[in-house]
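**Student:** Okay, predicted coordinates and the sequence, questions at the end:
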Amino acid sequence: MPLAQIIGTGSYAPAQVITNKDLEKFVDTSDEWIVERTGIRERRKAAPGETTSDMAVAAAREALAMAGVRPEDLELIVVGTITADMPMPSCAVFVQAKLGAGRAFAFDVAAACAGGVYALSVAEQFIRTGQVKRALVIGADLFTGVLNWNDRNTCVLFGDGAGAMVLAPAQEEGRGLLSTHLRTDGALAEILTIPAGGSREPLTEENIRTQRHKLNMNGREVFKCAVRELTSITHEALKVHGLTTSQVDHFIAHQANLRILEAVMQRIEIPLEKCWINLDKYGNTSAASVPIALDEANRAGRLKRGDIVVMVAIGSGMTWGCAVVRW
Ligand code: UT7
């Protein structure tokens, strides 16, 4: 069975930039604290009326153009998101309609910040089995809409954006997605949640007033889990292919905090220069983070044929995943 290959990438970030200085005006924080503790300098915010599917479609059009694939050739659209346009239906169905990809079946994958890698892994299975020949994978999140702008622990960290990949069966032996690895620890569900708005705590005036329909995070616990699990899954995934970390050419990691990236890179002994870093510009874009970073590295001409590319992401759940690619 052929491997799945990424034949096009694309990304989109809304035009409006919110700097750390802008945040200083309404929340008790400082540019110095945010840069020192996270590495983030600015993030993007969707325009009024701009939806998650709008961002997803913009990223998708770029990826399709690079791949030379028409929307009507797509057979599958998977969107990693937890901030869909509405609770029902999925974001993916709006993407399908806006692109005019009428042959594709479409659905969302809810794995928060790991959503891009989870969606990639799901699409990979359809390509590998031969059920689908052209798949569109998107990570898109509009996190500024689910932030409590009075909570300095969270509101400084996130931004909006979308990234996309087009997958097809590999034409050359040995190239493509060598494997994807997904992991979950539901026992850690409570450390990163949007508590209200679901069946457990339906929306009321009271929980809206107390902002329980917005993101809530135990940052230190998420930090520890991220360093531990991203390190461990990278080792685990490379071992499957008899690869060592010194053979990795590019590390495309979830952009949550520069200190997390530094800690992981140090533990897996890959120099930080091999890690694509753009969190200074976008903050944490959740499911979009890895697909945007991949697209930037790709368009910068960094990814050469045959290079080993490792993608890792972690998010609420906790959910995490890794993809190993021979480019
Ligand atoms: O995709 C997964 C999603 N999330 C993440 O990956 C986030 C993982 N966690 C982190 O990145 C870090 O834990 C944070 C950036 C969220 C926080 O950094 P930290 O070094 O763990 O800080 P802390 O939570 O231990 O807080 C240290 C201090 C506290 O003050 P006191 O109690 O020492 O007086 C906080 O209240 O920093 C304070 N603080 C802030 N100060 C200024 C927290 N947020 C801010 C802020 N500005 N924005």
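**Tutor:** Nice, thanks for sending it over.

**Student:** contacts and neighbour counts: CA atoms only from here.
**Tutor:** OK.

**Student:** For the one helix or strand residue 65 maps to, list the C-alpha coordinates in PDB.
**Tutor:** For residue 65, the enclosing helix or strand under DSSP states H and E is helix 52-67. C-alpha atoms of helix 52-67 as PDB (Å, rounded to 0.1, in the frame of the first residue of the first chain):
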ATOM      1  CA  THR A  52     -13.300  29.500  11.300                       C
ATOM      2  CA  SER A  53     -14.400  28.100   7.900                       C
ATOM      3  CA  ASP A  54     -13.400  31.400   6.200                       C
ATOM      4  CA  MET A  55      -9.900  31.000   7.500                       C
ATOM      5  CA  ALA A  56      -9.800  27.300   6.700                       C
ATOM      6  CA  VAL A  57     -10.900  28.000   3.100                       C
ATOM      7  CA  ALA A  58      -8.200  30.600   2.600                       C
ATOM      8  CA  ALA A  59      -5.500  28.200   3.800                       C
ATOM      9  CA  ALA A  60      -7.000  25.400   1.700                       C
ATOM     10  CA  ARG A  61      -7.000  27.400  -1.500                       C
ATOM     11  CA  GLU A  62      -3.200  27.900  -1.100                       C
ATOM     12  CA  ALA A  63      -2.600  24.300  -0.400                       C
ATOM     13  CA  LEU A  64      -4.800  23.200  -3.400                       C
ATOM     14  CA  ALA A  65      -3.000  25.600  -5.700                       C
ATOM     15  CA  MET A  66       0.400  24.300  -4.700                       C
ATOM     16  CA  ALA A  67      -0.800  20.700  -5.100                       C
END
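
**Student:** quick one: the very next helix or strand once past that helix near the ligand?
**Tutor:** Using DSSP H and E, the helix or strand that follows helix 52-67 in sequence is strand 76-80. No: using Cα under 6 Å from any ligand atom, strand 76-80 stays clear of the ligand, with a minimum separation of 13.6 Å.

**Student:** now stretch 197-216
**Tutor:** No: using Cα under 6 Å from any ligand atom, stretch 197-216 never reaches the ligand; the gap is at least 10.1 Å.

**Student:** before we move on, the earlier item: just the angle for the helix holding residue 65 relative to strand 76-80, thanks.
**Tutor:** 130 degrees (axes from the mean of the first three to the mean of the last three Cα atoms, to 10 degrees).

**Student:** which residues are in contact with helix 52-67?
**Tutor:** Helix 52-67 is contacted by residues 7-14, 70-71, 83-85, 91-92, 94-95, 98-99, 136, 138-142, 161-166 when judged by Cα atoms under 8 Å, 6 or more residues apart in numbering.

**Student:** and if you look at stretch 222-239?
**Tutor:** Contacts to stretch 222-239, defined as Cα under 8 Å, 6+ apart, come from residues 179-181, 191-192, 244-245, 260-261, 263-265, 267-268, 310, 312-314, 320-324.

**Student:** Repeat that for stretch 81-99.
**Tutor:** With Cα under 8 Å, 6+ apart, stretch 81-99 has contacts from 51-54, 56-57, 61, 71, 77-79, 102, 104, 106-112, 115-116, 139-143, 146, 287.

**Student:** Buried residues, stretch 256-269. List them.
**Tutor:** For stretch 256-269, the neighbour count (16 or more other Cα atoms under 10 Å) marks 256-258, 260-261, 263-265, 268 as buried.

**Student:** and the ligand, which of those residues contact it?
**Tutor:** Answer for those near the ligand (Cα under 6 Å from any ligand atom): 256-257.

**Student:** give the contact list for residue 267.
**Tutor:** Here residue 267 is in contact with residue 231 (criterion: Cα under 8 Å, 6+ apart).

**Student:** pretty sure residue 40 contacts residue 277?
**Tutor:** No: counting by Cα atoms under 8 Å, residue 40 does not reach residue 277; the two are 10.4 Å apart.

**Student:** These two: who's more crowded?
**Tutor:** Between residue 40 and residue 277, residue 40 has the larger neighbour count (other Cα atoms under 10 Å), namely 27 against 21.

**Student:** What's the separation between the more buried one and the ligand?
**Tutor:** Separation of residue 40 from the ligand (Cα to the nearest ligand atom, to the nearest Å): 10 Å.

**Student:** and the nearest residue to that residue once chain neighbours are set aside, how many neighbours does it have?
**Tutor:** If you skip the residues right next to it in sequence, residue 40 has residue 280 as its closest partner in space, 4.1 Å away by Cα to Cα, 6 or more residues apart in numbering. Residues within reach of residue 280, counting by other Cα under 10 Å, total 18.

**Student:** what pLDDT does the residue positioned nearest the centre of the chain get?
**Tutor:** By Cα atoms, centre = their mean, the chain has its centre lying nearest to residue 287, at 2.7 Å. Listed pLDDT for residue 287 reads 98.

**Student:** Correct me if wrong: it contacts residue 113.
**Tutor:** Yes: in terms of Cα under 8 Å, residue 287 counts as a neighbour of residue 113; the distance is 4.3 Å.

**Student:** still on that earlier bit, for the residue nearest to residue 40, pull up the helix or strand it's in.
**Tutor:** helix 279-282.
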